[in-house]
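**Student:** Model the following, please.
(2 chains)
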Amino acid sequence: MTWRGPAGIGVVILALGALPWVREAFDLPIFLLAFGTLVLSWTALATSWNILSGYSGYFSFGQGGFYGVGVYTTAVLTGRHDWNFLATVPLAGLLAAALGLVVGLIAFRLRALRGEVFALLTLAVPFIVAPIARLNPSIDGGQGITVPVPDIPEPLNGFQDLSYLLCLAIAGIAVVVAYVAQRSRLGWALFAIRDAEPVAEGLGVPTFRSKMVAIAITAFVAGMAGSVAAIQVGYVTVEGTFNLQVPLFVIVMSVLGGRLHWLGPAVGALVIVTLRDRLATSGFEGFSLIVLGGILVLFVLLAPEGLVPRMRRRLVPVLVAFVAVGAALWLTRLREDPVDWLAFGLLAAAVVAFLPGIRRRGAEAALEPVGPEVETDHDAAAAPPALADEGAPTTSPTDKPIVVVTDVTKDFGGLRALDGISLIVHPGELLGLVGPNGSGKTTLVNLLSGQFRPTSGTITVGGEDIGGLPPHRIAHVGVARTYQIPRPFASMTVRDNVAMAIMFGRSPTDLEAARAAAEEHLALVGLAELADALPGEINLHERQLLEMARALATRPRVLLLDEALAGLNPVEVDNAVGVVRRIRASGLAIVLVEHLLRVVNQLATRIVVLDQGRVLADGDPATVMADPEVVRAYLGRRPSGALPPAPATDGGAGA
Amino acid sequence: MIFVQSALTGVLVGGLYALMAIGLSLTWGMLRVINLAHFGLILLSGYLTYHLTTNAGVDPLLTVVATVPVMFVIGALIQWGFQHFKVSELSSLLVSFGLLIMGNQIISNVWSADFRRMTSDVNPYATGSLTLGPLVFPMPTLIASVAAAGLVLCIHYVLARTFVGRALRAFGEDPAIASAFGIDHERLGLLLAGAAGATAAVAGTLFALGGSLTPSTAFEWFGVVFAVVILGGIGNVLGTLLAGALVGGIAGVMTIAWSPVAAPVVVYGLVVLALVFRPNGLLPRRGGHG
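**Tutor:** Now for the predicted structure:
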């Protein structure tokens, strides 16, 4: 089935590419070509915007800045330095992409960058770029630039043909990239970032690089679209270029069409351009922004998934409505203008897509996975290939240590959460990490998985110092974790949640292979039956099992289970204990943070007790649990004024 | 001396920026919504002041009697919508952007896209100025900044000392806990959003005293006001006032030293630096969940 999309895109692009000659042959008005140019230009801008902002959820107001850099690259080089116009188009894209990378370098390096702050930061892009262009006499200097009409290459018939075909090419690039991205590792990475960015990073997704690639693509296409816009405008000014029109339009188009589907922004662009055109020709130009604003408000509040997913659910009725209404107007000559046929056809299609009543489909609709589409591959689902578990060498606890924590301290401001912790984990061991609330258990887990960096001391995993590595690199070294409160990728099915971890694991694979391999991990935790469910549809226990399956799918050498059994009923706890036992059988090291001492005693081969950021005890479960200091720490009575005695096994790190 | 003059004038203008920013900052910090329509309320209130003064001969400062209740109601209505649809922070940004665009177009249809300014025969404050030695301060700027700074200080007092203020702060820190202690967050949210609307009304009226209005003015405020919000620390009242003065002063000096168009570059440069080095704003946060 994978040929259908590319073939469809190819046919549509070729058909649209023939329009200039068709127009000539049938003597259609040239206005059609100008209208098509506008639709394609906005398709390019909106589709490219969506690759960053729709897929990853980082809304950008910077599109106007990238577009403006493209406009000015072409305007300055052709208007002032007599460059060949066609040579400036890719250059405009590259310069815009460079600006995009600068923005990304600043924004995506910020700690805990939130989506809203990113939106406001990118809002600054046009505000910063515009004055620079305005002040610099070699760019604009305040008087604007006249852009010369380019030479028209041979087979083309005129200026409008050239800009139409160029916009078609750029829009084609944007749509193809959006289509490919939705099916590639890049798209998956971006979807995972939108759903739960820290989790994605922890599973091995290079989040920073993915966002940088996305913003570069976004800016590159916008720059090229700006370049072509420059020759259409003919005379460019700072005020006319760097305003909020571009970001406003691309946002409205993408929200209207749908942000999670590659075709959404293109459909949105078609609808909005048609709508604006009709409003203008019928004398309601002054209302077009009211309509646009209204569409934005209504769709965000009432139909955040947009038109395309709804249309796909009723594909046949929608197409029938579109063709029937359009053709009826054409044949009856009720309307003369071809754009009217299109406008009413689109209106009919949208109405059909939103018709209430057919609740049978509508109810499922809300629960449809919004990630990259599943091309149902029954072979893979029916017979999961046995995956060799090369990543989990079965070794005995006497082997070389896998995790060595040496004298690690972690401060938060003035608060010392961990104070000179040293401990060792061997392959095949199940280390129970216990201690009262606030003793530093979760902090230690966060250090091991790279969420935090130690204030001092070193942590090695398999001999590699992980102190300075970003979390996704630590995942590749072989550390995986679960979260106390499960954090699945909400828009992906249970299977795809696990497949994500495989795709971005130590040996990267593509989507189909990852989906097949996911079955094994789902079977191990007992979720195979629920593989096609969305995380929102399964219960807490199942979500915790999903966390484990997802962590396992990275084929870790150390698995950190952070209170993976919290909030479960006794039956579920027993089931989870069984799962942990099965996981352990594969020979990897497990660090289990747990409050339920019953569970820890059942599972752990060794127990480490933390208290006030120090190791209070370290040894086999029976000894540790009998230690009077441990009992005292658990009962909350501490020797007043005195620090806990130095841990008995402190010298362990040197062994 | 020209630098001192422009820096001080800038600081005064900054007081008005702080008043524009305060409603945005408080609703963002305490209600977790980013209400871009706030700019529309400021603009609309400016136009109402212009309209009432020009067409009915009302003293421009007295127009707050009309603008404040109107903007209070609109602000509360928008918040009611946010609460009703349980919008996320990002969605509130998008929805209010849509509302702003709609409001802007309506203003443009009613008052046209031309510049509107109260003439000096209806605006008694238009021409006066205060001279202090070599320094001269235009009266509209002076009134606006004194009123704005006073109002911001009042808001600080209300939040710090009154029951409603404490309840709001508690809610901003942790909505779930505050609700558990019996704080009716829905009504409180409407009240705060209405109050934010009221500050927008005053800001718009004060802006109209000395400034020219055009529908696109709202977008010109975007940059500088968000700079103030972020530099001041989201939800931090005194920080916002300080940031307003700072941004205004810097913009004033840049205008003289370099060019009026260069000011946004410097202001936004500051915002980026602030986000990198002081993500919680210039002033240290008291307690909270930092």
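
**Student:** Could you pull up the contacting residues of the residue nearest the centre of chain A?
**Tutor:** With distances taken as Cα atoms, centre = their mean, residue A:190 lies nearest the centre of chain A, 2.0 Å away. Shown in contact with residue A:190 (Cβ atoms under 8 Å, 6 or more residues apart in numbering or on different chains): A:51-52, A:55-56, A:181, A:210-211, A:214. For glycine as for every other residue, the C-beta is placed from the backbone atoms N, C-alpha and C.

**Student:** Looking at those, which one is closest to chain B?
**Tutor:** The nearest member of the contacts of residue A:190 to chain B, counting by Cβ to the nearest Cβ, is residue A:56 at 12.3 Å.

**Student:** Quick check, that closest one in contact with residue A:187.
**Tutor:** No: the criterion here is Cβ atoms under 8 Å, and residue A:56 misses it with residue A:187 at 9.5 Å.

**Student:** List the buried residues for the longest helix seen in chain B?
**Tutor:** Ranked by residue count and defined by DSSP state H, the top helix of chain B is helix B:2-31. Neighbour counts over helix B:2-31 (16 or more other Cβ atoms under 10 Å in any protein chain shown) mark B:6-31 as buried.

**Student:** Report the distance from that helix to the chain centre.
**Tutor:** The chain centroid and the centroid of helix B:2-31 are separated by 7 Å under Cα atoms, centre = their mean, to the nearest Å.

**Student:** name the helices or strands packed onto that helix?
**Tutor:** Applying 3 or more Cβ pairs under 8 Å, 6 or more residues apart in numbering or on different chains; DSSP states H and E, one finds that helix B:2-31 contacts helix B:37-56, helix B:64-85, strand B:135-138, helix B:139-161, helix B:163-173, helix B:185-210, helix B:217-232, helix B:237-257.

**Student:** about what we covered before: now, the contacts of residue A:190 that are in helices?
**Tutor:** Per DSSP H, those map to helices at A:51-52, A:55-56, A:181, A:210-211, A:214.

**Student:** so which of the helices and strands packed on helix B:2-31 comes closest to residue A:437?
**Tutor:** helix B:163-173 (20.8 Å; Cβ to Cβ).

**Student:** buried stuff in that closest one?
**Tutor:** B:165, B:167-172.

**Student:** which one of these is nearest chain A?
**Tutor:** residue B:172 (15.7 Å).

**Student:** pLDDT-wise, which helix or strand of chain A ranks last?
**Tutor:** Counting by mean pLDDT, DSSP states H and E, chain A has its least confident helix or strand at helix A:378-382, which shows a mean of 40.

**Student:** Walk me through which strands whichever helix or strand comes after that helix pairs with, and which way each runs.
**Tutor:** In the C-terminal direction, the helix or strand that comes right after helix A:378-382 (DSSP states H and E) is strand A:403-412. Strand A:403-412 has its sheet partners listed here by DSSP bridges as strand A:415-425 (antiparallel), strand A:456-461 (antiparallel).

**Student:** want to throw those strands into TSV with distance to residue A:523?
**Tutor:** Output for the strands paired with strand A:403-412, formatted as TSV (distance: least, Cβ to Cβ, whole Å):
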stretch	distance to residue A:523
strand A:415-425	27
strand A:456-461	27
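
**Student:** Single out the most deeply packed of those.
**Tutor:** strand A:415-425 (a mean of 20; mean count of other Cβ atoms under 10 Å in any protein chain shown).

**Student:** Restrict that strand to CA atoms and write it as CSV.
**Tutor:** Output in CSV follows, covering the C-alpha atoms of strand A:415-425 (Å, rounded to 0.1, in the frame of the first residue of the first chain):
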residue,chain,number,x,y,z
LEU,A,415,19.7,21.8,49.3
ARG,A,416,22.0,18.8,49.2
ALA,A,417,19.9,15.9,47.8
LEU,A,418,22.7,13.4,47.5
ASP,A,419,25.8,13.5,49.7
GLY,A,420,28.8,11.4,48.6
ILE,A,421,26.9,8.4,47.3
SER,A,422,29.0,5.4,46.1
LEU,A,423,27.5,2.2,44.9
ILE,A,424,28.0,-0.5,42.4
VAL,A,425,25.5,-2.6,40.3
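
**Student:** Show me the contact partners of that strand.
**Tutor:** A:401-411, A:431, A:440, A:443-444, A:447, A:454, A:457, A:558, A:589, A:591, A:608, A:610, A:612-615, A:618, A:650, A:652-653, A:655.

**Student:** Point out where the chain drops to low pLDDT.
**Tutor:** Going with chain A. Regions of chain A meeting the criterion pLDDT under 70 cover residues A:1-2, A:111-112, A:357-399, A:634-655.

**Student:** actually chain B
**Tutor:** In chain B (pLDDT under 70), the answer is B:279-290.

**Student:** Roughly how far does residue A:493 sit from chain B?
**Tutor:** As for residue A:493, its distance to chain B is 23 Å (criterion: Cβ to the nearest Cβ, to the nearest Å).

**Student:** rewinding a little: quick one: which of the buried residues of helix B:163-173 is nearest to residue A:243?
**Tutor:** Of the buried residues of helix B:163-173, the one sitting nearest to residue A:243 (Cβ to Cβ) turns out to be residue B:172, at 34.2 Å.

**Student:** Make sure that closest one is actually in contact with residue B:28.
**Tutor:** No: judged on Cβ under 8 Å, residue B:172 makes no contact with residue B:28 at a distance of 9.8 Å.

**Student:** what is in contact with these two at once?
**Tutor:** residue B:235.

**Student:** Give me the secondary structure label for the residue nearest to the centre of chain A.
**Tutor:** Here residue A:190 is helix, with the state taken from DSSP: H, G, I helix; E, B strand; the rest coil.

**Student:** Can you show me the helices along the stretch 101-250 of chain A?
**Tutor:** Using DSSP state H, counting those that start in this stretch, the helices of the stretch 101-250 of chain A run over A:115-135, A:159-183, A:185-202, A:207-233, A:238-241, A:245-257.

**Student:** what comes up buried for the third one?
**Tutor:** Under the neighbour-count criterion of 16+ other Cβ under 10 Å, helix A:185-202 has A:185-197, A:199-202 buried.

**Student:** what about stretch A:330-348, start to end distance?
**Tutor:** Using Cα to Cα, to the nearest Å, one end of stretch A:330-348 lies 15 Å from the other.

**Student:** so where do the strands sit in chain A?
**Tutor:** In chain A, the strands defined using DSSP state E lie at A:145-146, A:235-236, A:403-412, A:415-425, A:430-434, A:456-461, A:464-465, A:479-482, A:558-562, A:589-593, A:606-611, A:614-619.

**Student:** out of those, deepest packed?
**Tutor:** Taking mean count of other Cβ under 10 Å, strand A:479-482 is the most buried of these, at a mean of 28.

**Student:** Can you list the strands that that one pairs with?
**Tutor:** Assessed with DSSP bridges, strand A:479-482 is paired to strand A:558-562 (parallel).

**Student:** May I have the phi/psi pair for residue B:36?
**Tutor:** phi -70, psi -20 (degrees, to the nearest 10).

**Student:** give the contact list for it.
**Tutor:** By Cβ under 8 Å, 6+ apart, the neighbours of residue B:36 are B:93, B:96-97, B:99-100.

**Student:** Report the entries of those residues that also contact chain A.
**Tutor:** B:93, B:97, B:99-100 (Cβ under 8 Å from any Cβ of the partner chain).

**Student:** export the residues you listed to TSV and tack on secondary structure?
**Tutor:** Shown next, in TSV, are the ones next to chain A among the contacts of residue B:36 (three-state DSSP):
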residue	secondary structure
B:93	helix
B:97	helix
B:99	helix
B:100	helix
